[in-house]
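Trainee: Turn this into a structure:
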Amino acid sequence: MTEMNPNERLQQVRIGMQVVDYTGNRLGQVELVQLPNADAAAVDANRQTTTGLGGALKETALEPDVPEPRRSELIRYGFIKIDNPDMGDINRYVRSDQIREVSGDTVKLAVMQEQTSIVGTDT
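Mentor: Got it, this is the predicted structure:
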């Protein structure tokens, strides 16, 4: 049996799957799957201009909403965003190489929850 590379595992992940860390602790459900972008370091895609109510231009942050250099790293590797309603407005992001296995409706990580990227307003 051949070992899957991180991109192959990431391609198996679907929105709504359960995510557990290395020890089996439930972290939440997949909210977003983003495949890798090897050119991310060369492009400043940190902000996107959109039209808001009344036609006014405004800037909105694109995913992943984490500080640099972590943001570029997540984009380069590909990532999943995890939603956990019990955590309020906190977002958790996991790089594709931190995914150990995708089985059934569960994403199993190769790291503990403390090793994932967390960003949010609740502390």
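Trainee: C-alpha only now, for contacts and for neighbours.
Mentor: OK.
Trainee: In the chain, mark out all the helices, start to finish.
Mentor: 6-12, 70-77 (DSSP state H).
Trainee: nearest to D105, of these?
Mentor: Taking Cα to Cα, helix 6-12 is the member of the helices of the chain nearest to D105, at 10.0 Å.
Trainee: Touching the closest one from outside, list them.
Mentor: Here helix 6-12 makes contact (Cα atoms under 8 Å, 6 or more residues apart in numbering) with V33, L35, P36, G78, F79, S96, D97, Q98, I99, R100, E101, V102.
Trainee: Report the spatially nearest residue to the fifth one, omitting neighbours in sequence.
Mentor: By the measure of Cα to Cα, 6 or more residues apart in numbering, the closest residue to F79 outside its immediate chain neighbours is R95, 4.3 Å from it.
Trainee: Equivalent analysis for the fourth one, please.
Mentor: Once its chain neighbours are removed from consideration, G78 has its nearest residue in P36; the separation is 3.7 Å (Cα to Cα, 6+ apart).
Trainee: on that earlier part again, please produce TSV containing the helices of the chain, extended by mean pLDDT.
Mentor: Converted to TSV, the helices of the chain look like this (pLDDT from 0 to 100):
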stretch	mean pLDDT
helix 6-12	92
helix 70-77	93
